[in-house]
Each structure stands twice: as structure tokens, then as C-alpha cells.
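# Predicted model and sequence follow; I will ask about them next.
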Amino acid sequence: MKSFTYILLFFLASFSISAFSQSNSTVSFEVSGACGQCKDRIEKAANLPGVFTATWDEGSHHLTIVYDASKADLEKIKKNIVKAGHDIGDMKAKTSVYNALPACCHYREMVAAPAPGIAGDRIIKGVVIEDDKKGNFKALPFASVVWLGSNRGSYSDSSGVFTVRQPEGHDRLIVSYTGYRSDTITIGRENELRIVMATEKQLKEVIVSARRRATYISNLSAFRTQVITQKELFKAACCNLSESFETNPSVDVSFNDAVTGSKQIQLLGLSGNYTQLTIENLPGPRGLATPMGLNTVAGPWIESIQLTKGIGSVANGYESIAGQINVELKKPESSERLNANMYINGIGKTDLNLNLAQKLGKKWSTLILLHDDFLGKKELDENKDGFRDLPYGNDVALINRWKYDDGKGFLMQLGIKAMNENRTGGESLFDPATEKHTTSHYGLGLTTDRYEAFGKFGYVFPQKKYKSIGLMMSAIQHHQSAYFGMNDYNGRQNSFYANLIYQSIIGSTKNQFRTGLSFLYDKYRETLNAAQYDRKQHIPGVFMEYTYIPSPKFNMVLGLRADNDNLYGAFVTPRIHLKYEIIKGTTLRFSAGRGQRTANIFAENLGLLASSREMHIHDNGSGKGYGLSPEIAWNKGVTIDQKLKLFEKDANFSLEFFRNDFQNQVVIDLETPGHVHMYNLMGKSWSNSFQAEISVEPIKKLELRMAYRYFDVKTTISDKLVERPLIAAHRGFATAEYATGPYKFEYTINLIGKKRIPPTMTNPEEMQMEAWSPSYVMMGGQISRTFGKTKAFEFYAGCENIGNKMQEKLILSADHPFSPYFDASIVWGPVEGRLFYAGWRLKIK
């Protein structure tokens, strides 16, 4: 039986081989090309239906095709190759198609390299890529490749490929890239290099050993974007987004008030309302979500944060005035299969996080992100004023996201988000079950429900990688209800956002553009006690952004968008960004442009409801948006980034200056005790921000970062040009990180200068504050240790506010919370005292 089976299989195999041999044809002809990318492109173009194999030899430039002559037309194959940009004899590719190829593929300009061992210059080719720890490689464009001891070198192109001529007498090549430490490799007789910028362990190829910095600024773009990596986020507990900037000198983080526990950021001397917050370039917490939004994005969800000061790209909208913060979350295709985090601090606040990722076949992947933080109802009153320092309650949130990649250019992402938060605070003796809306004890309650769905759809043209089209959409439903003593607030927001972007080139990659259409819909309904405020906005827009890159040294981005607001009419947003590398290592940037936003005066000033201040809205009679006009500002900025060599290691020094001039602004006037006036700007308002920063590694594995920042922020309030309250003009910052073996030590110190306090001099003496707050110092430190061969488990412990600095007299008239002098909104210093914490992380790849 077995013999019969073998005979039958042999007969069938012989028949198949015979049939195949009779129907197939083999042909070889020359196709112009230059590199490995050319090889991939040529073979892909030749692989039409009926072609069995297509192999292009980079040395001889000959393409060998095995095909079925009855199913494939040789002339069609050749025309498809030429269409892709490669000459075949007299069949020439279009100049526009050829020019659009990466620089390394420009075979018409290539000069043959001398054979190894022959005197004179020779051509060295290579590719610079990074390893994402999972064996996946990503091209690094515009990496610097320079021969040691000379000014001769080159840059890698947009695909990471470089070609450099080796001068006689030079055999050491320096390869550097922003975010990595540069290093030097010795070139032997090889003509081709594969250089991997490894994050940790070296690979077996030629590698420039490099360790990614915790924060870095991309040197390629005209936008000065600071990338904050997970390494930086792990320097502190980083339970949520509001705590992600505690080790960053550019962003201030402070409490909104003394009772709600919500935090706000300040950028360029302006409150976080003027900073556009996006989650993967989709709208983040905005509108009614502004006061508590930073608390709702869990730290372990974050992959990186991109911080851009000043105006951002017109493709992302018109709302950025002080800057843009874009948060990149963990991705289904690259996240750890399991990532767990548990945190607990000295007051009992506990955070639990669980990330679960799964690949489903070759095209689909999914990720679930879970978060829960809670604080029990135990007495928490360090300053003994009778009020809880933080409200107790629970916050639960989840994200489920899916990604589809067909490997042929089409990508799709879908996801849902949900969040529920319940907080109760006020006086320590307050019982919400029996004393809500009574004057027995002062209490507050915050309840938030938020649901979101999003989708991203994109297509990259396979033969023209520079050309793509994408559509991003999100829909949000947000409901927030709150009570502060006898004040009731209720807000509902329904939003929809869509952004269609097409990008390509004009002639060559020196001239790039992206253009598109956007649509934003917001529907608000807010009630404050008996008053109701409704607003419905729909804003279609169109934008165009042109990028000119004649060389890696110069980059210019011109942006223009036009939007039509059904409430405030049509408006235009022009923006410009310039980058110029004056000399190697010295980069100058300039930006200027317009920003506009609609203020949400209740949600953005929720802490004012936790006071007895009488609220006055000075309606301009328009009946639109609380009767207030939109805020408009022009931002200008200039920065200089300098790469240095200190202590024989890489160092960075930067200077920056930004100025905002408000054409219109919603002024929150706290100059009259017991009252708050809200009105449009009548006079001048500006913010000037100057910052100097240096990063250095004095000894191996010890990283130091120091900064000084100065703010000059003035606004016309009550017909007088005065310093804006509760903003420190001076701030000093220093942080140190040292790593040895499995241990890491981090220490941060902040010196915060004095702040102007809103007037309280007409209050009774015991309910007054000084005109200026004192300067104070904040310190924090953390120790972490990894365990196991794969470092899958990490334990960390630390202390915040080591000096136990707390603001005295946090709440005015705390003994009489229903008196006209009660005010919990004047916060200039720390609300919490010294706080110890500990936690652990588990990662399974």
C-alpha cells in the first residue's frame, strides 16, 4: 500500500513539474536602480498576475522574471516597472515620479564606487533604523552621518537610507539622531551598513550603541516638539496626566481650589484653558471636561507626550494659543501583552491599572486599558481647618481599541472610552445622605459620566509612500453634575469631530503639503442654580499646510485655515514655523500665528463655585456664548537649541522666548472681595515667557537637568494693567537621575517665586491674606528597582513634598462656610503635605 502511494505521488509530482515547465518562461533584462529600496520597488512592480518570481540583482542591475506567458504580458510588466520610477533602456520613467523617489534611489546621479582596496574615495551606503524591543525596525530619517575629524558627511533620507563618500584617511563614522546619544563606528572593507539605534541591548548587526533620553526635542521638524517618553513619566508616580509634568520645567501643575482636588496646568504663564489638549490628535478633555479632564487620563495608559509651545499645526485646529499637548496612548500592535500597575500612598489613595493586548492574526490587534482609583472616607485634614484636604470617592475608566492593517497601505483604528467618577468633599463632618443642600455642614459632590467613540481610517499609496489620505472622527457625550454648599451646577456636552487630511508632494519631497476639511459640533446645556445657559456651535473648516525642506538644515511650514462659526462668523487662522540649523548643532526656530477659542466660564472656573463670591457676567448683548465674545490671541516665539560636549558626553542647552498678545480675552476679575466679574477685555493683555534649560551627564549614568523660567503676565483688570494673580514670575528647576544595575534614583527640586494674591483687604482682619505669597521650595524623590532577567517586575517608592510645605489659610472663613467671606478658590501653594507612596509594575511582553 505504501509503495503504491509513493508511486502515485511521484507520478503526480512529475506531471506537475512537466506541466509547469511547458507553460513558464524565463527572461532577464536590465532595470536601473541603486539600492535595496529600489530592489523592493522593482520586484513589487514586476510581480503582476502570472509572474511566479521576480528577482533584481543590485550588483548587475538585471531583473530575472519567471512567468506564465499565457497569463502575463512582458510589455505590461516593463511599463509597470517604469511607472514605478525605474528606467528600462529607452523606456524612461517620468521625471516627476523619479524625483519623488528617496534620495538613495536617484540612480541617474549615482557614481559607481571604486572596488574595495583601490585608493581614493569610495561610496558607503547604509540605513539607520531603531529597534522597538520586539525585533520590529523603524527607519530614522535625517540621521546625521559624519566622518570623524572632518566636515564631510550626509543625512539619511526619509526612509533612513544614506549614501556618503569616504575620504581617504578617514575610517571612523559618527552617526547621531535626536533622542539618542551619538557614537562612533569603525568602517572596514564593507560598502553597506545597517545601523540600528538600539534602546537597550545591542543586536548582532553593526550597531551604534545608544540610550534613548527621557525627554528630547525632534531636530527634524520646524515645530519645536518636546517628546516626553515613559522613562520620564516613571520618574514620579504619574497616576494620571496632571501628574505627568511634575518633572518638567515648562509646565506648572497646581490645584484649582482647596476642596475639589482637581488640578490645572499652566503653560507660558497662561492657564491650561489656552493649551490645546489632544489624544492622538483627536480632541481630548475640553469644554466641560476642562477642570477634571487631566485626572481622567491614567498614567500607565500613556506611551508618550508631545509638548509644543506656542501655536501648533493648522491641521489640528485653531484653538491652540499657549501650545498643544498631544498624548499618545499605548498601541494594540506594540503594547505589552500584560501591563499591571498598583499604587498606594500615605493617605490611602489607591490606583489600579491593567493593560491587556492581543494580536488576532496578522492584520488585527486589540487592547483593553482599565483604570480605577479610589480614596476612602477617612478623616483627612492636615491643616486642621475642618475641611477635607481631598474629596473621597471613586473613578473608573476603560478604553477598548482595535487596529487593522492589511499590509497594503490601508489602516483602521476603532475604539470606545467610558469613564465614571463620583467624589464627595467639604467639611470633615459633612454627611451627604442627610446634609446635602443644608447649612448644617458645608459639602460638595462631583459626578461625571463620559462616553466616547472614535475611528481613524488611512491609506498610504504603496508605490508613492509620500502620498496618503486619512479620516479621523470622534463622538463624545459628557455629563457633569455638582453641588457646592447651596450652589447647584449641571452641565451636558455632546460633541462630534471629523478631520479629513490628504498629504502629498509637489515635484519632489522638498515640497510637501497637506490639506483637508474639518468639522466640529458642540452642544452645551448648563444650569447654575435657576439660570440656564445653552449653546450650540457647528464649525466647518478648510486648511492647507505647505512644507519646504530644501535641506536638512532648513525647514519652513506655512499654514492657513478658514473656519465658519455659526455663532461668531467666519475667521482665518494663519501660522508659520521656521527652523534653521545655523551651524552644526545649533538650531534656531521661529513661530507665529493666531489662535481662537470659546471660553466655558463655569467649567473652567469651577473652583469659584466653592466660594461665596457673587458672580457677575457682563453680557455684551450678543446673546451668544454667555454674551461674551471668543478669545483671540497672536503668539510669537523664538528658540535656540545648542548641542554641546561637556564631560566628554552629549549635552543640550536651550533658550526660548514666547509672547502672547490678546486681541480679545474673557477676564476673570477677582479684584473685589466677595465678587467675581467676567467680561471681555477692555485694554491690553499679554504674556511673556523666557526659559533657559541645560541637560548634562557629568558622570556615567548620572543625568542632570536644570532650568530657569521667567513670566511677565499682565492683563487690564478694572481699567488697570496689573499682574495676573496666582502666577509666579520666577521658577527654578533641577532634577537628577542616577541608574546603577537594577536601581534607579530620581530627585526633583522646584523653587517657586512669589505670586500676587487677589485683594482681600476689605475683609475682616482674620479673613485677609497678604498681598503677595511667599516663595517656597518643593522637593520630591523616588527609588525604583527591577527584578528578573527580563526586568518584568518593578517596585518603586517615593515621597512628594519632602519639605512638608503647605499653604497657610487655605480657605477663608472656614469656620463659617456660609458667610459672605467664605472662599476656597485662592490657592497659591501646596494643598497636601508630605506624602509617601509605593507601588509596583508588571510587564509581560
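Thanks, I have it.

# Just the C-alphas of stretch 37-48, formatted as CSV.
Provided in CSV are the C-alpha atoms of stretch 37-48 (Å, rounded to 0.1, in the frame of the first residue of the first chain):
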residue,chain,number,x,y,z
GLN,A,37,14.7,50.0,-1.6
CYS,A,38,14.9,50.0,-5.4
LYS,A,39,15.1,46.2,-5.3
ASP,A,40,11.9,46.0,-3.3
ARG,A,41,10.1,48.5,-5.5
ILE,A,42,11.2,46.9,-8.8
GLU,A,43,10.3,43.4,-7.7
LYS,A,44,6.9,44.5,-6.4
ALA,A,45,6.1,46.3,-9.7
ALA,A,46,7.1,43.3,-11.7
ASN,A,47,5.0,40.9,-9.6
LEU,A,48,1.8,41.1,-11.8
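
# So what's the model's average confidence on stretch 377-387?
In this model, stretch 377-387 has a mean pLDDT of 86.

# Same question for stretch 399-412.
93.

# Could you do stretch 312-329 as well?
Regarding stretch 312-329, the rounded mean pLDDT is 93.

# end-to-end on that stretch?
Taking CA to CA, to the nearest Å, stretch 312-329 runs 20 Å from one end to the other.

# Centre of the chain to it, how far?
With CA atoms, centre = their mean, to the nearest Å as the basis, stretch 312-329 stands 9 Å off its chain's centre.

# what's the answer for stretch 709-717, then?
27 Å.

# nearest residue to residue 528 other than its sequence neighbours?
Closest residue in space to residue 528, ignoring its immediate chain neighbours: residue 489 at 5.5 Å, by CB to CB, 6 or more residues apart in numbering. Any C-beta I mention is one placed from the backbone N, CA and C, and that applies to glycine too.

# Oh, that last question was meant for residue 273, not what I typed.
residue 604 (5.1 Å).

# ok so, going back, so what's the residue nearest to residue 528 up against?
Residues near residue 489 by CB atoms under 8 Å, 6 or more residues apart in numbering: 480-483, 526-528, 602, 606, 609.

# Let's see which of those residues end up in strands.
The members of these that map onto strands under DSSP state E are 480-483, 526-528.

# Need the max-distance pair from those residues.
The two members of the ones in strands among the contacts of residue 489 with the most space between them (CB to CB) are 483 and 526, at 14.2 Å.

# quick one on the thing from earlier: between the ones in strands among the contacts of residue 489, which is nearest residue 666?
residue 526 (15.2 Å).

# Can you verify my assumption that that closest one contacts residue 488?
No: with contact defined as CB atoms under 8 Å, residue 526 does not count as touching residue 488 (11.1 Å).

# The two - which one has more neighbours?
Neighbour count, other CB atoms under 10 Å: between residue 526 and residue 488, residue 526 has more, with 21 against 15.

# what are the bridge partners for the more buried one, then?
Taking DSSP bridges as the rule, residue 526 bridges to residue 491, residue 533.

# Quick check: it vs residue 672, distance?
24 Å (CB to CB, to the nearest Å).

# Tell me which residues of the helix or strand where the residue nearest to residue 528 lies come out buried.
Element membership of residue 489 [criterion: DSSP states H and E] is strand 487-506. Residues of strand 487-506 classed as buried: 487, 489-495, 497-501, 503-505 (neighbour count, 16 or more other CB atoms under 10 Å).

# can you check stretch 791-810 too?
794, 796, 798-802, 805-807, 809-810.

# Could you let me know which of the contacts of residue 489 ends up closest to residue 337?
residue 480 (35.4 Å).

# Surely the closest one touches residue 446?
Yes: the criterion here is CB under 8 Å, and residue 480 meets it with residue 446 at 7.4 Å.

# Pull up the overlap in contacts between those two.
Jointly contacting residue 480 and residue 446 under the rule CB under 8 Å, 6+ apart are residue 292.

# okay, which residue is most central for this protein?
Centroid check for the chain by CA atoms, centre = their mean gives residue 306 as the closest residue, at 2.7 Å.

# Return the residues in contact with that one.
225-228, 324-328.

# pLDDT on whichever helix or strand it is part of, on average?
Assigned by DSSP H and E, residue 306 belongs to strand 302-309. Mean pLDDT, strand 302-309: 90.

# which of the residues in it are buried?
Buried-residue list, strand 302-309, by 16+ other CB under 10 Å: 302, 304-309.

# Would you mind giving the residues you listed as CSV with distance to residue 380 added?
As requested, the buried residues of strand 302-309 are exported to CSV (distance: CB to CB, whole Å):
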residue, distance to residue 380
302, 28
304, 34
305, 30
306, 35
307, 33
308, 37
309, 36
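
# nearest to residue 658, of the residues you listed?
residue 309 (6.0 Å).

# Quickly list what that closest one is bridged to.
Applying DSSP bridges, one finds that residue 309 bridges with residue 323.

# if we take the buried residues of stretch 791-810, which one ends up nearest to residue 69?
residue 794 (62.1 Å).

# Let me see the contact set for that closest one.
784-787, 840-843.

# Partner strands of the strand or helix carrying residue 128, with direction?
Using DSSP H and E, residue 128 sits within strand 122-131. Strand pairing for strand 122-131, using DSSP bridges, gives strand 137-139 (antiparallel), strand 161-166 (antiparallel), strand 192-198 (parallel).

# So for that strand, mean pLDDT?
74.

# same check, this time on stretch 499-515
Here the average pLDDT along stretch 499-515 is 91.

# Which residues are in contact with the residue nearest to residue 791 when sequence neighbours are not counted?
Nearest non-adjacent residue to residue 791, counting by CB to CB, 6+ apart: residue 742, 7.3 Å away. When contacts are counted by CB under 8 Å, 6+ apart, residue 742 touches 785-787, 791.

# follow-up on the earlier one: which single one of the contacts of residue 489 is nearest to residue 435?
residue 483 (11.2 Å).

# Tell me if I'm right that the closest one and residue 442 touch.
No: the criterion here is CB under 8 Å, and residue 483 misses it with residue 442 at 10.6 Å.

# Compare the two and say which is more crowded by neighbours.
Ranked by neighbour count (other CB under 10 Å), residue 483 and residue 442 place residue 442 first, with 26 against 20.
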